[in-house]
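1. kindly generate the corresponding structure for this input.
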Amino acid sequence: MAVGMTEATCSVCTLAHWTGLVLSLWPAAAVGGAGTSPELSGAASRAKWLVNAAHRVWSRKNAVELELAKCKMDMMSLNSQLLDAIQQKLNLSQQLEAWQDDMHRVIDRQLMDTHLKEQSRPAAAAFPRGHGVGRGQEPSTADGKRLFSFFRKI
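-> Predicted coordinates:
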């Protein structure tokens, strides 16, 4: 078999070789010439029919092999697309899981902040507003003078 020839091509070459060989072995008179005997004429026509039938079979075989090769290529392409879709789904699932983890952390943090604010409110309500330093009030000394009043003079 020559380099680069496929099995189907080689089979067609073999068929052509045998067809030529069969036809060359039959004398010209046997191939349907005038004055031939009925047996030789019938044998020649059967040989031609067999050669044509073999050629049709090989042609059909080659067409089926070509269709099979196309189907295999389509299958490989679809497998590749399926693997890409699976990989994309896996990536999206991982991103979703990370997002859900982040959202749980944010919600937990907000709940903790809310809980801490609720705990600090009763403690602030226990002290009357007149005692100590509240928001917006400046610290004062015992005699009523403002502690940082010298900054206002400057």
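2. and the pLDDT at residue 47?
-> Residue 47 is assigned 87 on the pLDDT scale.
3. so how far is residue 41 from it?
-> 11 Å (CB to CB, to the nearest Å). To be clear about C-beta, it is placed using only N, CA and C from the backbone, and glycine gets the same treatment.
4. one more: residue 117?
-> The value you get for residue 117 to residue 41, if CB to CB is used, is 112 Å.
5. which one of these two has more residues nearby?
-> residue 41 (15 against 9; other CB atoms under 10 Å).
6. tell me the confidence at the more buried one?
-> pLDDT, read off for residue 41, is 77.
7. any idea which helix or strand carries it?
-> helix 38-126 (DSSP states H and E).
8. against which helices or strands is that helix packed?
-> In terms of contacts (3 or more CB pairs under 8 Å, 6 or more residues apart in numbering; DSSP states H and E), helix 38-126 is packed against helix 7-25.
9. quick check: mean pLDDT across the helix it packs on?
-> Here the average pLDDT along helix 7-25 is 58.
10. kindly report the same for stretch 82-98.
-> On average, stretch 82-98 scores 97.
11. just stretch 106-121 next, same as before
-> Mean predicted confidence for stretch 106-121 is 93.
12. and for stretch 69-76?
-> Mean predicted lDDT for stretch 69-76 stands at 98.
13. can I get the CA coordinates of it in PDB?
-> Output in PDB follows, covering the C-alpha atoms of stretch 69-76 (Å, rounded to 0.1, in the frame of the first residue of the first chain):
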ATOM      1  CA  ALA A  69     -16.200   9.600   9.700                       C
ATOM      2  CA  LYS A  70     -18.500  12.600   9.600                       C
ATOM      3  CA  CYS A  71     -20.600  11.200  12.500                       C
ATOM      4  CA  LYS A  72     -17.500  10.500  14.500                       C
ATOM      5  CA  MET A  73     -16.300  14.100  14.000                       C
ATOM      6  CA  ASP A  74     -19.800  15.400  15.000                       C
ATOM      7  CA  MET A  75     -19.700  13.200  18.100                       C
ATOM      8  CA  MET A  76     -16.200  14.500  19.000                       C
END
